[in-house]
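**Student:** Here you go, sequence then predicted model.
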Amino acid sequence: MAQSGKLTEALTDLNKSISINDNQAESFIARGKLRIQMHDIQGACKDLSKVASWGFDEFEPWIQKNCK
């Protein structure tokens, strides 16, 4: 339960960071990875697809495997 609370708190922080600056790839990458840990595959697909469109190709294999 404590781990879940920390993940939720981290997600809240990342959401705030992205709301302030939505062009920061590092925040989207961190949130995408966090969403994977939280089993939010749809959310992770959205975040990692966004950074892949910005040229971060290292996420393409994961996106192709997990996103529809």
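**Tutor:** Received, thanks. Everything quoted here is computed from the prediction, not taken from an experiment.
**Student:** Output stretch 47-59 as CSV - backbone C-alpha positions only.
**Tutor:** The C-alpha trace of stretch 47-59 is given here as CSV (Å, rounded to 0.1, in the frame of the first residue of the first chain):
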residue,chain,number,x,y,z
ASP,A,47,3.1,9.4,-23.1
LEU,A,48,5.8,7.3,-24.8
SER,A,49,4.2,7.7,-28.3
LYS,A,50,4.4,11.5,-27.8
VAL,A,51,8.1,11.3,-27.0
ALA,A,52,8.7,8.9,-29.9
SER,A,53,7.1,11.4,-32.2
TRP,A,54,9.8,13.8,-30.9
GLY,A,55,12.5,11.5,-32.1
PHE,A,56,13.1,9.3,-29.0
ASP,A,57,13.1,6.1,-31.0
GLU,A,58,14.2,3.8,-28.2
PHE,A,59,10.6,3.5,-27.1
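**Student:** Can you mark which positions in it are buried?
**Tutor:** 47, 48, 50, 51, 52, 59 (16 or more other C-beta atoms under 10 Å). All C-beta atoms are positioned from the backbone trio N, CA, C, and that covers glycine.
**Student:** Mind checking which of these are in helices?
**Tutor:** The helices, defined by DSSP state H, take in 47, 48, 50, 51, 52 from the buried residues of stretch 47-59.
**Student:** in those residues, which two residues are the furthest apart from each other?
**Tutor:** 47 and 52 (9.7 Å; C-beta to C-beta).
**Student:** before we move on, back to that, would you list the buried residues of stretch 47-59 in a markdown table and tack on pLDDT and distance to residue 24?
**Tutor:** Putting those into a markdown table (pLDDT from 0 to 100; distance: C-beta to C-beta, whole Å) gives the following:
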| residue | pLDDT | distance to residue 24 |
| --- | --- | --- |
| 47 | 98 | 12 |
| 48 | 98 | 14 |
| 50 | 98 | 11 |
| 51 | 98 | 10 |
| 52 | 98 | 15 |
| 59 | 96 | 16 |
